[in-house]
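Student: okay, sequence plus prediction incoming.
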Amino acid sequence: MSDEQPPDHGGDKTPAERAGATPLDPELFRASAGPHAADRRRPLDELGSGPPDAYEVRRRRRRRQHSARPWFGAAAALAVVAVLATGLGLLVEGDTSVAGGDAPELVLSTPVASARRVPELLVRPVAARNLNTLLQPLLDGAPVDICLEARDTGAPAALRNQTAPLTPASNMKLVVAAAALDVLGPDTRLTTRFATDGSPTDGATVQGNLYMIGGGDPLLTTDSYEARLVNGVQPATDLESVADQIVDTGVRRITGSVVGDESRYDTVRSAPSWPARFTTQGQVAPLSALLVNDGWSSSGGPVGDPALHGATVLTDLLTERGIEIDGSPEVGVAPASATTLTEIPSLPVAELVAEALRFSDNTTTDLLVKELGVSAGAGGSTVAGLDVVRAWIAESSLPADGVSFDDGSGLSANDKVTCEFLSALLAAEGSDGTIANGLARPGEPGTLDDRFLSEPLRSGLRAKTGTLLSVTALSGWLRTGPGADLSYSLIINTGDRNVADSDLSLQRKILEALMTYPDAPPVDALVPTEPVPPRG
């Protein structure tokens, strides 16, 4: 679910609000059931050694490096180089000879020590100066609590209050996404298991319970719920195909109940700092290891017991397909001896991350936090998972001063990050990495489906949006008009007033200014000139 637009809520919105038994031999069950249920009914590409402990995570595949020196510091240093080069150049005879065999004698028209011999060092400070000239009047009229950093190949190109800790809203998801990819691994899947607790009988009757054991998949979805989603069709794990599988094996009766097992994670449904309205409005589901349809009831509203809801949905799906179930849906823990009949894997973590970023899915992000706790052997809790995220940040070499948080989705007003941190995180992963490619794009399914639809932003912008009543944020990548790739972070906190149209307009103007980078003489205009014949 997205904090940008909760499901099933229409009407006018402010800019901030838009924003026990085995029925048959398990081997026979698997043979007759066919392949696993489809786990990529809506793949994202069609839409556009042992576990560490709680305080240790595997080291980054690449050490993230950052350069927090202001651009103007770099420019000043380069200016000194240029002055020294010019002075040295004056000491070198303008008619310096270049001799070689019988070739005609030529002289250098550009002194050996000239800054022209490293033209890239001249272009970047000029480009940064011109960009900041454009940005200055915009930023001078901006709210006090604004931060901006844009980086060109890791070097800052534009800065404003970049080390100020501000509330990031859903830009917080970028942090969890990066940690999950490194700690869990991009190919890891979260598996929902279906098992029974008795001895095999015939192939038509389950003499006991059918256990639905949650593995943390946040996207278990039925057709009826999928039709209610906003921001376009999202990826999903198809629960209906599991029901089809069970029917295809010949099962026609369950003498017990469908039992929902959510024991992989704890039963803390939310973060302490979240207002109750975040759940009642559907901005985030009641958190559970067994979650179906975002924990949203068919009558409209969040369910009180997600595991019971999941068991109820599966009961209904099986009943609709002609299976008789004697007992009512229940909640429990599958016995260790339960026999697995079938499993349904989630999308790989890389695609869960992309779904969370593109659609600003709070639930997916906060369930990944709990899975990080499991991976550390500390249990499936938000507290344990956030400890893993903090340990990952400490290992990352990112500029993390001022960064603090108490959830993964960014719904908490207590979350604080800096633009320097987010821009550096994006730059470290690169413009063609999993995170960059998972960001929303204007006019495509996701949280930018109805924003920035005019050029040049439509073609050049990728962003993680962030929206709370007093926060609007965008962090991501820009392919600028001149062809540069900028990682950027722009966060506006409006204090005691709601985000207004003027804040969104300011956002756009800042992005349009960034799109002009680099506005500087071309490199080939600054290279050394060709040697010339000597004068006289």
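Tutor: Thanks, I have the structure now. The shown structure was predicted, so the numbers you read here are calculated from the model rather than taken from an experiment.
Student: what's the helix or strand for residue 189?
Tutor: Here residue 189, judged by DSSP states H and E, is contained in no helix and no strand.
Student: go ahead and confirm it touches residue 346.
Tutor: Yes - Residue 189 lies in contact with residue 346 (CB atoms under 8 Å); the separation is 5.0 Å. All C-beta spots, glycine's among them, are computed from the backbone N, C-alpha and C.
Student: look at those two and report which has more neighbours.
Tutor: residue 346 (24 against 20; other CB atoms under 10 Å).
Student: on the three-state scheme, residue 270 is what?
Tutor: Three-state call for residue 270 (DSSP: H, G, I helix; E, B strand; the rest coil): coil.
Student: tell me who's in contact with the closest residue to it other than its chain neighbours.
Tutor: Closest residue to residue 270 apart from its sequence neighbours, by CB to CB, 6 or more residues apart in numbering: residue 279 at 6.0 Å. Residue 279 makes contacts with 269-270, 285-286, 302, as judged by CB atoms under 8 Å, 6 or more residues apart in numbering.
Student: which member of the residues you listed is positioned nearest residue 144?
Tutor: residue 270 (31.1 Å; CB to CB).
Student: of the contacts of residue 279, closest to residue 249?
Tutor: The nearest one, if we look at these relative to residue 249 and count by CB to CB, is residue 285, at 30.6 Å.
Student: how many neighbouring residues does the nearest residue to residue 172 once chain neighbours are set aside have?
Tutor: Counting by CB to CB, 6+ apart, residue 172 lies nearest to residue 410, which is 3.2 Å off, once chain neighbours are set aside. Neighbour count of residue 410, defined by other CB under 10 Å: 30.
Student: residue 410 is in contact with residue 173, isn't it?
Tutor: Yes - contact criterion CB under 8 Å: residue 410 and residue 173 qualify, at 6.0 Å.
Student: and for the two, which residues touch both?
Tutor: Contacts common to residue 410 and residue 173, judged by CB under 8 Å, 6+ apart, are residue 365.
Student: how would you label the residue nearest the centre of the chain: helix, strand or coil?
Tutor: Taking CA atoms, centre = their mean as the criterion, residue 357 is the residue nearest the geometric centre of the chain, at 3.7 Å. Using three-state DSSP, the structure places residue 357 in helix.
Student: check residue 492 too.
Tutor: Quick answer, by three-state DSSP: residue 492 is strand.
Student: that one and residue 144: what is the separation?
Tutor: Note on residue 492: its distance to residue 144, by CB to CB, to the nearest Å, is 10 Å.
Student: more neighbours: which of these two?
Tutor: More crowded of residue 492 and residue 144, by other CB under 10 Å: residue 492, with 24 against 9.
Student: now do the contacts for the more buried one.
Tutor: 142-143, 145-146, 471-473, 499, 503, 506-507.
Student: kindly indicate the member of those with the most neighbours.
Tutor: Within the contacts of residue 492, residue 473 tops the neighbour count with 29 neighbours, counted by other CB under 10 Å.
Student: any idea which element that residue lies in?
Tutor: Counting by DSSP H and E, residue 473 is found in strand 471-479.
Student: CA-only coordinates of that strand in PDB, if you can.
Tutor: In PDB, the C-alpha atoms belonging to strand 471-479 read as follows (Å, rounded to 0.1, in the frame of the first residue of the first chain):
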ATOM      1  CA  VAL A 471       6.500  16.800   3.400                       C
ATOM      2  CA  THR A 472       7.100  16.500  -0.300                       C
ATOM      3  CA  ALA A 473      10.300  14.800  -1.500                       C
ATOM      4  CA  LEU A 474      11.900  13.500  -4.600                       C
ATOM      5  CA  SER A 475      15.100  11.500  -4.900                       C
ATOM      6  CA  GLY A 476      16.400   9.600  -7.800                       C
ATOM      7  CA  TRP A 477      18.100  10.200 -11.200                       C
ATOM      8  CA  LEU A 478      18.000  12.800 -13.900                       C
ATOM      9  CA  ARG A 479      19.300  12.300 -17.400                       C
END
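Student: helices or strands next to that strand in the packing?
Tutor: Secondary-structure packing of strand 471-479 (3 or more CB pairs under 8 Å, 6 or more residues apart in numbering; DSSP states H and E): helix 15-18, helix 419-429, helix 457-460, strand 461-468, strand 485-493, helix 501-514.
Student: any idea which of the ones you listed gets closest to residue 307?
Tutor: Distance to residue 307, taken as CB to CB, is lowest for strand 461-468 among those, at 29.7 Å.
Student: now do the contacts for the residue nearest to residue 172.
Tutor: Contacts of residue 410 by CB under 8 Å, 6+ apart are 3, 168-173, 362, 365, 466.
Student: again, but for residue 517
Tutor: 127, 131, 150, 152, 157-158, 480, 482, 484, 486.
Student: can I get those residues in a markdown table with pLDDT, distance to residue 207 and neighbour count?
Tutor: Shown next, in a markdown table, are these (pLDDT from 0 to 100; distance: CB to CB, whole Å; neighbours: other CB atoms under 10 Å):
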| residue | pLDDT | distance to residue 207 | neighbour count |
| --- | --- | --- | --- |
| 127 | 88 | 74 | 22 |
| 131 | 94 | 72 | 24 |
| 150 | 97 | 65 | 30 |
| 152 | 94 | 67 | 21 |
| 157 | 94 | 69 | 25 |
| 158 | 95 | 68 | 26 |
| 480 | 95 | 66 | 20 |
| 482 | 93 | 71 | 13 |
| 484 | 94 | 67 | 18 |
| 486 | 97 | 63 | 26 |
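Student: those residues in helices, which ones?
Tutor: The helices, defined by DSSP state H, take in 127, 131 from the contacts of residue 517.
Student: which helix or strand in this structure has the lowest average pLDDT?
Tutor: strand 97-98 (a mean of 33; mean pLDDT, DSSP states H and E).
Student: hey, least reliable of the helices and strands packed on strand 471-479 by pLDDT?
Tutor: When the helices and strands packed on strand 471-479 are ranked by mean pLDDT, helix 15-18 comes last with a mean of 41.
Student: tell me where the stretch 101-250 of the chain has strands.
Tutor: In the stretch 101-250 of the chain, the strands defined using DSSP state E, counting those that start in this stretch lie at 106-107, 146-152, 155-160, 191-196, 205-206, 210-213, 220-221, 237-238.
Student: now residue 371: which helix or strand?
Tutor: helix 362-375.
Student: helices or strands up against that helix?
Tutor: Partner elements for helix 362-375 (3+ CB pairs under 8 Å, 6+ apart): helix 173-183, helix 349-358, helix 382-396.
Student: per-domain residue ranges of this structure.
Tutor: 20-34+189-347, 142-182+357-514 (automatic domain parsing).
Student: sketch out the low-pLDDT regions of this structure for me.
Tutor: Counting by pLDDT under 70, the chain has low-confidence residues at 1-122, 198-202, 229-232, 521-536.
Student: tally up the residues packed near residue 276, please.
Tutor: Neighbour tally, residue 276, other CB under 10 Å: 8.
Student: next: residue 194.
Tutor: Neighbour tally, residue 194, other CB under 10 Å: 21.
Student: report the beta-bridge partners for it.
Tutor: residue 212, residue 342 (DSSP bridges).
Student: test my guess that it contacts residue 339.
Tutor: No - contact criterion CB under 8 Å: residue 194 and residue 339 do not qualify, at 10.1 Å.
Student: what's the overlap in contacts for those two?
Tutor: Counting by CB under 8 Å, 6+ apart, nothing touches both residue 194 and residue 339.
Student: how about the contacts made by the closest residue in space to residue 246 that isn't next to it in sequence?
Tutor: In this structure, residue 246 finds its nearest non-sequential neighbour in residue 318, 6.4 Å apart by CB to CB, 6+ apart. Counting by CB under 8 Å, 6+ apart, residue 318 makes contact with 243, 246-247, 254, 258, 325.
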